[in-house]
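Undergrad: This is a predicted model, with the sequence first.
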Amino acid sequence: MIAQLTLIERQHAILISAAVALLGFLMMLAGRDDPMGAHGALIFVVSILMIFRIGGSYYAPPPSDDRLKHYYDDPSKVGIVISMMWAVVGLGVGDWVAWQLVNPDLTFGTGWSSFGRLRPVHTTSVIFGFGGNALIATSFYVLQRTSRARLPDQVSPWFVLFGYNLFCLLAVTGYLMGITQSKEYAEPEWYTDIWLVVVWVTYFILYLRTLARRKEPHIYVSNWYYMAFILVVAILHIVNNLAVPVSLGHAKSYSAFSGVQDAMTQWWYGHNAVAFFLTAGFLGMMYYFLPMRAGRPIYSYRMSIISFWGITFFYMWAGSHHLHYTALPQWVQTLGMTFSLMLLIPSWASAGNVLLTLNGAWDKVRDDATLRFMMVAGVFYGLATFEGSFMAIRSVNSLSHYTDWTVGHVHVGALGWVAMITFGSIYACVPWLWKRERMYSTKLVEAHFWLALSGTVIYIFAMWNSGIIQGLMWRTYTDSGTLAYSFVDTLVAMHPYYIARAVGGLLFLIGGCLGAYNIWKTITVPGVTSEHASDLPQPALAGALHAAAE
Amino acid sequence: MIVEHAFLVGFSKSFGLFYLVVLSVAVVLHAMRPSNKKRFDEAARSILRDEAGPWR
């Protein structure tokens, strides 16, 4: 890894690490009476370790110019490995909190393991840790191949990858210490937020610099989606996190917004995080890896363009559907509801594109679990976007809001769409990256697929049942006009579904662990190295090989 | 500079009403224009073309 860097790049890497170490040291001093000091120490230690890591190979012979004839894939490889590690952690914590809802004693009585702190650890680990790293890793991969250009330098991709993971680490450790802004999916405090801005701007500039070097005149649609993901997440993140810290040595900050404006800003952010982090980025992934794995071009490129602009311009206005029946003006709620319904068009255009691309290649879907991951992801994407539009209707929302139906809906998207397309893309990408003919075990991929699918189905059916029962019990009145059920009555009714949900989550977690093991074995066991070990994957070959293996 | 509430409402009710409609029409025209078909088909196939390594 380090040996691939030129001498000047090694020096730059050390300088950047030293600067970060200095910042960490200052934070440690300034925040010595505050949990922020612990974060300063963490940043300091991590940066010093990084300096030693680079220093250990500092005198290694410089890389040959041969490297410039290949794409720069080291950051993608490391990103995929880190992504799978976050997946195991995030799914594990997720299942732990699911069991805590079954049996509250599973906190074991400590503060850090309470539901309120572990739940954001789960969401951050899976969304930002697993999803984010997979997005960064695959975006570098896709960007270089679709542009037929190598990344312009070898330091900034590492800065983006490791800087981003430092953000995730600060976020997750902060929650355990009780540091939070209390904004859903934007929990990290001001200094962590500023750090992410620096990383994210570097990411966007790196993307543009590579695109500027491209050979293809047309920018392939995946890059549009990835760029929308990077750009809009930057905008959302900056605006929603505008806040004033109590002092420079204090983790606590106060938002620049208050009251319903704060709520509206938060859900403008929150819903667009779903749109641009959890949808646009993964659509970028889908539009590359699905055609490559199936060995056929996307069914309708035109439809992909229409759906791109639809998604980017409609989603911006949908956030207010999170605030139905609140102090938010009625017309703003209606606006959000209307745009949510309109979103069905671009969403189904993409979901339809998945299925129509595979139409005529169903034999491949039958034989190849990797392609099946992507197909099922497309189906769940269609389902989640339909359900989302439906739930955004105010009168439907009056039943579904604040219930487990919302939790179910989120997991249709997160497990069924995001995780499935990610696992599919990673299984496609790993043999290509490490120049293997196939994954270490196709049987394990198959097992992972069925565990993931059954886990998802159990999870969402449990939450649909639980949520609708909960919603109905909340609105049932007696003849005398009082509420028929107490809050505890609803908990008792939901209990069996909570057990089912935790079991579904467990299946999904086991699948994720199998995936991590399989990927690790593919990397470490010197398997059959593909003779076609060129930089470009061999789409047709992948299908043919699998057929031969059957 | 103080932006009046009435100005913002007026702006969103006039400009805001039309720009998304105009944008949608423009996107559909751009995507469906027959002369663009060749370009898009070429783009869709471009990722599958075998070509080893970056050009720079």
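TA: It's in.

Undergrad: for chain A, which spans come out with low pLDDT?
TA: When residues are selected by pLDDT under 70, those of chain A lie in A:527-550.

Undergrad: Close to chain B: what parts of the stretch 101-250 of chain A are there?
TA: Residues of the stretch 101-250 of chain A lying near chain B by CB under 8 Å from any CB of the partner chain: A:144-146, A:148-150, A:213, A:215-216, A:218, A:220-221. Heads up, the C-betas are built off the backbone N, CA and C, glycines and all.

Undergrad: Now, of the residues you listed, which are buried?
TA: Restricting these to buried positions leaves A:144-146, A:148-150, A:213, A:216, A:220-221, with burial counted as 16 or more other CB atoms under 10 Å in any protein chain shown.

Undergrad: follow-up on the earlier one: can you pick out the most distant pair from the residues of the stretch 101-250 of chain A next to chain B?
TA: Within these, A:150 and A:221 form the most distant pair, 21.3 Å apart (CB to CB).

Undergrad: interface residues of chain B facing chain A?
TA: For chain B, the residues found near chain A under the criterion CB under 8 Å from any CB are B:20, B:23-24, B:27-28, B:30-32, B:37, B:39-48, B:50-56.

Undergrad: which residues does the one residue sitting closest to the centre of chain B contact?
TA: The centre of chain B sits closest to residue B:27, judged by CA atoms, centre = their mean, with a distance of 5.1 Å. Applying CB atoms under 8 Å, 6 or more residues apart in numbering or on different chains, one finds that residue B:27 lies in contact with A:305-306, A:309-310.

Undergrad: host element of it?
TA: Assessed by DSSP states H and E, residue B:27 sits inside helix B:5-32.

Undergrad: buried set for that helix?
TA: Of the residues in helix B:5-32, those buried by neighbour count under the rule 16+ other CB under 10 Å are B:24, B:27, B:31.

Undergrad: and residue A:244, what are its phi and psi?
TA: Comment: the main-chain dihedrals of residue A:244 come out as phi -110, psi 120, following degrees, to the nearest 10.

Undergrad: Which residue comes closest to it once chain neighbours are left out?
TA: Sequence neighbours aside, residue A:254 is the residue nearest to residue A:244 in space, at 5.5 Å (criterion: CB to CB, 6 or more residues apart in numbering or on different chains).

Undergrad: Check for me that that neighbour belongs to a strand.
TA: Yes. Inclusion of residue A:254 in a strand is indicated when DSSP: H, G, I helix; E, B strand; the rest coil is applied.

Undergrad: and residue 55, how many neighbours?
TA: Using chain A here. Applying other CB atoms under 10 Å in any protein chain shown, we find 14 other residues in the vicinity of residue A:55.

Undergrad: look at chain B instead
TA: Every residue meeting other CB under 10 Å relative to residue B:55 is counted, giving 12.

Undergrad: The closest residue to it other than its chain neighbours: which element?
TA: Spatial nearest neighbour of residue B:55, chain neighbours left out: residue A:215 (4.5 Å); criterion: CB to CB, 6+ apart. Element membership for residue A:215, per DSSP H and E: none, as it lies in no helix or strand.

Undergrad: again with residue A:9
TA: Assessed by DSSP H and E, residue A:9 sits inside helix A:7-30.

Undergrad: following that helix, which helix or strand shows up next?
TA: helix A:35-56.

Undergrad: Off-centre distance for that next one?
TA: Offset of helix A:35-56 from its chain centre (CA atoms, centre = their mean, to the nearest Å): 25 Å.

Undergrad: Likewise for stretch A:406-416?
TA: 13 Å.

Undergrad: Need the residues that contact it.
TA: Under the contact criterion CB under 8 Å, 6+ apart, stretch A:406-416 has outside partners A:126-127, A:274, A:278, A:376-377, A:379-381, A:383-384, A:387-388, A:391, A:400, A:452, A:455-456, A:459-460, A:462-464, A:466-467, A:508.

Undergrad: Inside helices: which ones of those residues?
TA: When helices are assigned by DSSP state H, the members of the contacts of stretch A:406-416 inside them are A:376-377, A:379-381, A:383-384, A:387-388, A:391, A:400, A:452, A:455-456, A:459-460, A:462-464, A:466-467, A:508.

Undergrad: Which of those residues are buried, as a PyMOL select command?
TA: Applied in PyMOL, the following selects the buried portion of these according to 16+ other CB under 10 Å:
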select buried, chain A and resi 376+377+380+381+383+384+387+388+391+400+452+455+456+459+460+462+463+464+466+467+508
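
Undergrad: coming back round to it: near chain B, list only the ones from the contacts of residue B:27.
TA: Near chain B, judged by CB under 8 Å from any CB, the entries from these are A:305-306, A:309-310.

Undergrad: ok, so of the residues you listed, who is nearest residue A:473?
TA: Relative to residue A:473, and with distances defined as CB to CB, the nearest of the ones next to chain B among the contacts of residue B:27 is residue A:310, at 37.8 Å.

Undergrad: OK, contacts around that closest one?
TA: Residue A:310 makes contact with A:342-343, A:345-346, A:349, B:24, B:27, according to CB under 8 Å, 6+ apart.

Undergrad: Residue A:474 against residue A:485, yeah?
TA: Yes. Proximity of residue A:474 to residue A:485 meets the contact threshold set by CB atoms under 8 Å, at 7.5 Å.

Undergrad: Good, we can wrap up now.
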